[in-house]
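S.K.: this one's structure only:
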């Protein structure tokens, strides 16, 4: 089996590519390297360019007419940036994706897996959600993913393409073999900020402490990125059975365990054997209270469940952060 992974040189896409390769699935990478790393793509057949570059897409399919499926990870993903630049997010995450879909339809691709987000769930509905929970995007980023899901549902209804939308919760960790990991030296998510604070010997700031949670900090369902990648392999292996009835399925990918930011800081201290100094600050634009996922559908439909613990994710993130400077130095020579 051969799969095209857009955004395959990014954090999640590159981990999925490695997991696919380990499972005997051949990945082909398409990435514009605006945030992804060339060193992540070098182990695979990799194409540089935009997902809406029709000429490039035609070349990919001329070289690989046997592509069986597409995993679409390429997207702008920074919530505060999406609040400042909503049109850029809708253009990239929806508009360009539609161009991609038009080309895929022309080349007869019938299996499409979307990297989507659980941040689209209505933050007032519940802190435990399933695939039927109300949707209420609170940022242009989340709204762009929801809009693309609607586009894909309509496309699937034509019978020309089957679609599985995977709503990610909060990925942490790295490839356990340390082939890839989070490529940003200054990440915006909580665990990355904790690592920065730990390395610099400065306090970590919990942004938002008056949410309706057990300790006032935001709630997240932290899932190890390798578990996330394994779920994509399960989708590819079972795709036709998964979409047989409806043509379109939404599946949450989480652990079923909600962790507050304060609890994550405590787990970080466990992993490092050194308590993290914590201070508090206001919530960021576009932030939501957060939620955790019910995992029944992923288990029943994909035969998949998360296997790695929160502390595993923290430890792998720390190990990767130690390797990252050498990776970025190699990237600078490309």
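M.R.: Arrived safely, thanks for sending. Remember, predicted model here, so these are calculated numbers, not experimental data. Numbers count the residues shown, from 1 in each chain.
S.K.: can you map out the helices along the stretch 1-150 of the chain?
M.R.: When secondary structure is read from DSSP state H, counting those that start in this stretch, the stretch 1-150 of the chain shows helices at 11-22, 38-41, 54-63, 79-84, 86-90, 96-106, 140-157.
S.K.: packing partners for the host helix or strand of residue 241?
M.R.: Here residue 241 sits within helix 225-242, counting by DSSP states H and E. Applying 3 or more Cβ pairs under 8 Å, 6 or more residues apart in numbering; DSSP states H and E, one finds that helix 225-242 contacts helix 11-22, strand 69-72, strand 111-117, strand 162-168, strand 170-172, strand 248-253. All C-beta atoms are positioned from the backbone trio N, CA, C, and that covers glycine.
S.K.: the shortest one - what's its average pLDDT?
M.R.: Mean pLDDT, computed over strand 170-172, is 95.
S.K.: after that strand comes which helix or strand?
M.R.: helix 190-200.
S.K.: need the longest helix for this structure.
M.R.: When the chain is parsed with DSSP state H, its longest helix is helix 310-331.
S.K.: burial check on the residue lying closest to residue 296 once chain neighbours are set aside, number of neighbours?
M.R.: Using Cβ to Cβ, 6 or more residues apart in numbering and skipping residues adjacent in sequence, the residue nearest residue 296 is residue 130, 7.0 Å away. Residues lying near residue 130 (other Cβ atoms under 10 Å) number 14.
S.K.: how about the contacts made by residue 130?
M.R.: Shown in contact with residue 130 (Cβ atoms under 8 Å, 6 or more residues apart in numbering): 252, 293, 294, 296, 297.
S.K.: and those, which are buried?
M.R.: Neighbour-count burial (16 or more other Cβ atoms under 10 Å) applied to these gives 252, 293, 294, 297.
S.K.: and which of those is nearest to residue 43?
M.R.: Closest approach to residue 43 among the buried ones among the contacts of residue 130 (Cβ to Cβ): residue 252, at 29.9 Å.
S.K.: got the contact list for that closest one?
M.R.: 118, 129, 130, 131, 166, 167, 169, 293, 294, 295, 297, 298.
S.K.: isn't the first one right up against residue 168?
M.R.: Yes - contact status for residue 118 versus residue 168: in contact at 6.3 Å, counting by Cβ atoms under 8 Å.
S.K.: re the thing from before, the longest helix of the chain: how far from the chain's middle?
M.R.: With Cα atoms, centre = their mean, to the nearest Å as the basis, helix 310-331 stands 17 Å off its chain's centre.
S.K.: same question for stretch 186-194.
M.R.: In terms of Cα atoms, centre = their mean, the gap separating the centre of stretch 186-194 from the centre of its chain is 15 Å.
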